[in-house]
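[1] pasting a predicted model and its sequence here:
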Amino acid sequence: LAATRAAVTVILTLGTVAVIYMAEKNTDKGMGGISLFILVNIVRSMENLLPEFSIFGGRAVLFAVMSLLAAFGIVWMEEAEFRMPSQKIMIYNEMSEKGHFALKFAPIGIQPLMYVMGFFMVPYFIFTILAGIWKDNPTFISLARRINYSNPYGLTLFCVSFVFVTAALIAIYVNPEEIADEMQRSGECLVGLHPGGETRLYIAHMLRLMGTLSTALIMVMAVFPLALGAALKMDPRFSSLPMNCMILAGIIKLLRQEIEAMRVLDRYKEVF
């Protein structure tokens, strides 16, 4: 028993170190970083799920349809923008340059879902392994059952974690004060609003609104299939399929953007 515990610990540790090392190398010399490993893992899990479709029949097809809708939905949300008319006063020119200031409908995109899924699955696997090793320990068995998509406690923890992580990432990556100051320095202002404080308050308000709506929609697309799968006594792999497809679509979109950026960089290299 002691040898089994030691072997499991060593395998998990070395495997984690190897994945992190390869992700860092991929970030330095390739594309995608750790997202590429997540992409491969999701595709592999979907491949293992294909034989199960013949067992669950129509219910499995229902989850497949929801997965496609969720994937298209997340792509639309990441592309959608709320545009506010703006004017940029040009120096030494009485005419003003008209344009718009764009704020993404999903300010952070699919990142919070990826982080929460990883955060959620790590303790689940840990407690599952511990429950398998210490089979007589009721604490590990109870935690392994509760931290699960098919359990109300697990779904509640998932929702709370998703809201918290989304709010934290928006606060970190999108700063209304910096945006308003940069617009003021460049001579740009939103139509009908004074530069500075009034612009900052308006951007902060719209950011909260867009963040709340996008968070609610992503949560519905992810949590509804999980709750439905629990009610239908489905395999958790089917109920989490729409969420995996959302992450898969987001990663593919990210890789496409990186490829386009690298093509532009190769096309416009420095002359000297």
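    Done, it's in.
[2] give me the nearest residue to Phe72, chain neighbours excluded.
    The spatially closest residue to Phe72, leaving aside those adjacent along the chain, is Ala249, at 7.7 Å (CB to CB, 6 or more residues apart in numbering). Yep, even glycine has a C-beta here, placed from its N, CA and C like the rest.
[3] okay, now that neighbour: neighbour count?
    As a burial measure, Ala249 scores 20 neighbours (other CB atoms under 10 Å).
[4] that one belongs to a strand?
    No: secondary structure of Ala249 (DSSP: H, G, I helix; E, B strand; the rest coil): helix, not part of a strand.
[5] and it, what is it in contact with?
    Applying CB atoms under 8 Å, 6 or more residues apart in numbering to Ala249 gives the contacts Ala71, Phe72, Ile74, Val75, Ile110.
[6] now restrict the residues you listed to buried residues only.
    The neighbour-count test (16 or more other CB atoms under 10 Å) marks Ala71, Ile74, Val75, Ile110 as buried among the contacts of Ala249.
[7] now Gly250: closest residue in space that isn't a chain neighbour?
    When the adjacent residues along the chain are set aside, Gly250 lies closest to Ile110, with 3.1 Å between them (CB to CB, 6+ apart).
[8] quick one, phi/psi of the one you found?
    Taking degrees, to the nearest 10, you get phi -90, psi 0 for the backbone angles of Ile110.
[9] from Ala222, how far off is Thr9?
    Between Thr9 and Ala222 the distance, using CB to CB, to the nearest Å, works out to 32 Å.
[10] and these two? Which one has more around it.
    Ala222 (24 against 11).
[11] in which helix or strand would I find that one?
    Assessed by DSSP states H and E, Ala222 sits inside helix 197-231.
[12] quick one: buried residues of that helix?
    Neighbour counts using 16+ other CB under 10 Å place 199-200, 202-204, 207, 210-211, 214-215, 217-219, 221-223, 225-226, 228-230 of helix 197-231 among the buried residues.
[13] okay, and the helix or strand of the protein with the least pLDDT?
    Comparing helices and strands within the chain by mean pLDDT, DSSP states H and E singles out helix 53-56 as the least confident, with a mean of 69.
[14] give me the angle between the helix or strand following that one and helix 197-231.
    Downstream of helix 53-56, the first helix or strand assigned by DSSP H and E is helix 58-79. Following axes from the mean of the first three to the mean of the last three CA atoms, to 10 degrees, one obtains 170 degrees for the angle between helix 58-79 and helix 197-231.
[15] show me what helix 58-79 is packed up against.
    Using 3 or more CB pairs under 8 Å, 6 or more residues apart in numbering; DSSP states H and E as the contact definition, the elements that helix 58-79 packs against are helix 53-56, helix 197-231, helix 236-239, helix 241-267.
[16] so Leu103 sits in a strand?
    Yes: with three-state DSSP as the criterion, Leu103 is part of a strand.
[17] about what we covered before: so which of the helices and strands packed on helix 58-79 is nearest Tyr173?
    helix 197-231 (10.8 Å; CB to CB).
[18] for the closest one, what is the distance to the chain centroid?
    Averaged C-alpha coordinates place helix 197-231 at 12 Å from its chain's average position (CA atoms, centre = their mean, to the nearest Å).
[19] does Gly73 touch Met221 like I think?
    Yes: assessed by CB atoms under 8 Å, Gly73 is found in contact with Met221 at 5.8 Å.
[20] shared neighbours, these two?
    When contacts are counted by CB under 8 Å, 6+ apart, Gly73 and Met221 have Met246 as shared neighbours.
[21] and the one helix or strand Phe164 maps to with helix 197-231, angle?
    Following DSSP H and E, one finds Phe164 within helix 152-173. Inter-element angle recorded for helix 152-173 and helix 197-231: 160 degrees (by the same axes, to 10 degrees).
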